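> Here is my input, please return the structure:
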Amino acid sequence: MHRVTLITVGTLKESYLSDAATEYKKRLSAFCDLREVNLPEEKIADENDPRAVAAALSREGEKILAAVPAGAPLVALCVEGKELSSEEFSEAVGRFGDAAGVLAFVIGSSHGLSPAVKEKAALRLSYSKMTFPHQLMRVVFLESLYRAYTIRAGKRYHK
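Numbering: from 1, shown residues only. Model (predicted):
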């Protein structure tokens, strides 16, 4: 059973999103040992100042990288990443997880991820060229991870 760490920046504030995330985490427990690390979003005095945003992303990046378990391949969710089908994602989860026994995924803050995190990623994954709220992305990701494991297990969930 893979040990999976999901590192997120920011909190789930809406109960309907929290309920959906809880449901997928429960379902995932049959396939992997999922651990969550929720980091606070850095405060930015002036969000129109690119240097202030970059500094905040850098601080978040340091905390993210410190939370990645030793030996875990890191998958960074970012808009400039590679788009995969559900089957391709399932194959990647299997390849990374089987090789290391542990893997980590990161969903950044509303400002994205620092370049340092992206550089450390074994895979940069994009769900679309569109931007999604990071709270919603957490639920979408958990569903995708559940789907990936059901594909690997040959379950009927994936149609």
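> A76 looks like it's in a helix, true?
No - if the criterion is DSSP: H, G, I helix; E, B strand; the rest coil, then A76 is strand and not within a helix.
> isn't it right up against E119?
No - with contact defined as CB atoms under 8 Å, A76 does not reach E119; the gap is 9.3 Å. Backbone N, C-alpha and C define where each C-beta goes, glycine included.
> The two - which one has more neighbours?
Taking other CB atoms under 10 Å, A76 and E119 do not tie; A76 has more neighbours (26 against 11).
> Name the nearest residue to that one, sequence neighbours excluded.
A121 (3.8 Å; CB to CB, 6 or more residues apart in numbering).
> list the contacts for that neighbour?
L74, V75, A76, V106 (CB atoms under 8 Å, 6 or more residues apart in numbering).
> Who wins on neighbours among these?
For the contacts of A121, the largest number of neighbours (other CB under 10 Å) sits with V106, at 28 neighbours.
> Tell me where this protein has helices.
Taking DSSP state H to define them, one finds helices in the chain at 15-28, 50-67, 86-100, 115-120, 134-153.
> which one of these has the most crowded surroundings?
Mean neighbour count (mean count of other CB atoms under 10 Å) peaks for helix 134-153 among the helices of the chain, with a mean of 20.
> Send me it as PDB with only the CA atoms.
What follows is helix 134-153, C-alpha atoms only, in PDB (Å, rounded to 0.1, in the frame of the first residue of the first chain):
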ATOM      1  CA  HIS A 134      -7.500  25.800  -4.900                       C
ATOM      2  CA  GLN A 135     -10.200  24.700  -2.400                       C
ATOM      3  CA  LEU A 136     -12.100  23.000  -5.300                       C
ATOM      4  CA  MET A 137      -9.000  21.600  -6.800                       C
ATOM      5  CA  ARG A 138      -8.400  19.700  -3.600                       C
ATOM      6  CA  VAL A 139     -11.700  17.800  -4.100                       C
ATOM      7  CA  VAL A 140     -11.100  17.300  -7.800                       C
ATOM      8  CA  PHE A 141      -7.600  16.000  -7.100                       C
ATOM      9  CA  LEU A 142      -8.800  13.500  -4.400                       C
ATOM     10  CA  GLU A 143     -11.500  12.200  -6.800                       C
ATOM     11  CA  SER A 144      -8.800  11.800  -9.500                       C
ATOM     12  CA  LEU A 145      -6.500  10.000  -7.100                       C
ATOM     13  CA  TYR A 146      -9.300   7.700  -6.100                       C
ATOM     14  CA  ARG A 147     -10.100   7.000  -9.800                       C
ATOM     15  CA  ALA A 148      -6.500   6.300 -10.400                       C
ATOM     16  CA  TYR A 149      -6.400   3.600  -7.700                       C
ATOM     17  CA  THR A 150      -9.700   2.100  -8.900                       C
ATOM     18  CA  ILE A 151      -8.300   1.800 -12.400                       C
ATOM     19  CA  ARG A 152      -5.200   0.100 -11.000                       C
ATOM     20  CA  ALA A 153      -7.400  -2.300  -9.000                       C
END
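> Sweet, I'm off.
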